[in-house]
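Colleague: Fold the following.
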Amino acid sequence: MDLAIELDQEAWRKFTVIEAKRLIDFLELGPHSGISGLKKALSFRLYAPLNEDEIVLEKENVILYRVKTCRVQAARKRKGLPDFPCKSVGIIEYGLFAKTIDERFTTECLSCHPEIQDKNYHCIWQFTLND
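Modeller: Numbers count the residues shown, from 1 in each chain. Down below sits the predicted model:
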């Protein structure tokens, strides 16, 4: 499992930046697109149609991204496997994605396998736009 996570981290380190840059171009976000740019880009990610998620404006400069259904965890459950401990991968994936959309973002994991804080969601990510 440790090797799988390490390889997954390396793949996301590259892919999430490529995906974000392509979405910046496709959605014509431009530099410093802020909260509105990140919200739009998150909803256009390749796996967006596969998971049930929600994007909530928490404060003027903070959004929460909550994943209610997760295709990865659902597949593992169908196969009788334990939840994938994806937090360390997600920190790289979501952190780099947000920074690529707008470098002023900081990303914090509020809940993610194996450390679920809210059982209604597979993961919850907080994005803060800093001045």
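
Colleague: what's around residue 78, how many residues?
Modeller: Other residues lying near residue 78 total 8 when counted by other CB atoms under 10 Å. No exception for glycine: its C-beta is placed from N, CA and C like everyone else's.

Colleague: err, residue 76, not the other one
Modeller: For residue 76, the count of nearby residues is 15 (other CB under 10 Å).

Colleague: All the strands of the protein, in order from the start?
Modeller: 52-59, 62-69, 105-112, 123-129 (DSSP state E).

Colleague: can you redo these as TSV with distance to residue 39 and mean pLDDT?
Modeller: Converted to TSV, the strands of the chain look like this (distance: least, CB to CB, whole Å; pLDDT from 0 to 100):
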stretch	distance to residue 39	mean pLDDT
strand 52-59	5	96
strand 62-69	6	97
strand 105-112	12	98
strand 123-129	9	98
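
Colleague: Confirm for me that residue 85 is in contact with residue 114.
Modeller: Yes. Contact criterion CB atoms under 8 Å: residue 85 and residue 114 qualify, at 4.3 Å.

Colleague: nearest to residue 43, of the strands of the chain?
Modeller: strand 52-59 (6.8 Å; CB to CB).

Colleague: Which neighbouring residues are in contact with the residue sitting furthest away from the middle of the chain, exactly?
Modeller: Residue farthest from the centre of the chain, counting by CA atoms, centre = their mean, is residue 80 at 24.9 Å. With contacts taken as CB atoms under 8 Å, 6 or more residues apart in numbering, residue 80 has no neighbouring residues.
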